[in-house]
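Novice: Requesting a structural model of the entry that follows:
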Amino acid sequence: MKGLELSERFYEEYGKPMLSEQFSNVLSHLAVGLFGSGSECGGFDDEVSTDHDFEPGFCIFLPGEDVIDRRTAFLLERAYAKLPKEYMGYTRSAIAPVGGARHGVLRTAEFFQNIVGTPDGILTVSQWLTVPEHALFEATNGKLFYDGSGEVKKIRDALSRYPEDIRKKKLAGNLLLMAQSGQYNYRRCLNHGETGAAQLAAGAFVNAMMRTVFLLNDAYMPYYKWSFRAMRSLPNLALLAETAEYLISTDNEPELAESKADMIEDAAAEIIDELNAQGLTKAVCGDLEKHAYSVNDAIADGEIRNLHILAGV
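Specialist: Numbers count the residues shown, from 1 in each chain. Alright, predicted model coming up:
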């Protein structure tokens, strides 16, 4: 059973009745769900995941102390701790008073502040450009089981996707990095006899390409260890995950290197096709650098457009 399903079942069977029976007076102010940094929150958990931090549990999100005071928060935490210690063959870990890292009673504002640097989902341009993408993924993944006031949903909705000008800025920067590392420096490193540097160039190309693919799918790229799994499930350009894996897992002997250089150009062509399909570029060529500047030129907000093209990467 996937961890998110385990969590929701545990909530429905034990958490929901506990909250309804013992905390009906504040229930309309609470939210319950599971999202964040755990592999189960992204749907990436498997048998290996059960060796640590895998348990039946959920988060109870509270508004500020002006609405729910510390005593009520303590009582909620105590009630949560009294829920069954075992469920469907899995054992719950102990949680320190008031809340734990992944489960238990948490203040909504503190939770989002710790992940993305804002308590309410409102980010400045600078924050949108610099908050790690995996953090935005963690703030919006998983599932919200209940939201009495709608406040947590409102925050998650505000963070659910990049504003279009930010998406274009990040696309432009990653397209430029793809051009520099893959279309230009990979072959030059090989011509210099620097096979190690060539592999670094291939890795830089892959990193920028994967980020570009997620941006073209209007989705956040998760933490690196889950990036390939997540990319394979995207609706567009998912097969480029196989290209990416090949480029960084093979060596740079002459015959393989030539094949890899061709694959880089093929991947670039697929990216350009998708840019055209989404109306994001006016450039007509196979040079990703020209497409990068074309995407940047299409940014509506002059302040964002005039930032350095790599400001979002």
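
Novice: Which stretches in the chain count as strands?
Specialist: 31-34, 59-62, 86-87, 90-91, 104-107, 143-147 (DSSP state E).

Novice: Let's have those strands in CSV, adding mean pLDDT and mean neighbour count.
Specialist: Where you see a C-beta, it was placed from the backbone N, CA and C, and this is true even at glycine. Formatted as CSV, these follow (pLDDT from 0 to 100; neighbours: other Cβ atoms under 10 Å):
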stretch, mean pLDDT, mean neighbour count
strand 31-34, 98, 23
strand 59-62, 98, 26
strand 86-87, 92, 14
strand 90-91, 86, 14
strand 104-107, 96, 22
strand 143-147, 98, 17
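
Novice: and Asp69, which of these is closest to it?
Specialist: For these, distance to Asp69 was read as Cβ to Cβ. The smallest value, 9.8 Å, belongs to strand 59-62.

Novice: Strand partners (parallel or antiparallel) of that closest one?
Specialist: The pairing partners recorded for strand 59-62 under DSSP bridges are strand 31-34 (antiparallel), strand 104-107 (parallel).

Novice: So, low pLDDT: which residues of the stretch 1-150 of the chain?
Specialist: 49-54, 94-101 (pLDDT under 70).

Novice: can you give me the helices in it?
Specialist: 3-10, 16-22, 70-81, 108-116, 125-130, 133-140 (DSSP state H, counting those that start in this stretch).

Novice: Val313 is nearest to which of those?
Specialist: Across the helices of the stretch 1-150 of the chain, Val313 has its closest neighbour in helix 125-130 (8.9 Å, Cβ to Cβ).

Novice: got a list of contacts for the closest one?
Specialist: Applying Cβ atoms under 8 Å, 6 or more residues apart in numbering, the contact partners of helix 125-130 are 116-118, 162-163, 166, 169-170, 301, 303-304, 307, 311-312.

Novice: By neighbours, which of these wins?
Specialist: Neighbour counts for these peak at Lys169, which has 29 neighbours (criterion: other Cβ atoms under 10 Å).

Novice: That one contacts Asn306, doesn't it?
Specialist: No - using Cβ atoms under 8 Å, Lys169 is not in contact with Asn306; the gap is 10.5 Å.

Novice: Contact partners for Phe61?
Specialist: Taking Cβ under 8 Å, 6+ apart, we find Phe61 in contact with 30-33, 106-108, 111, 152.
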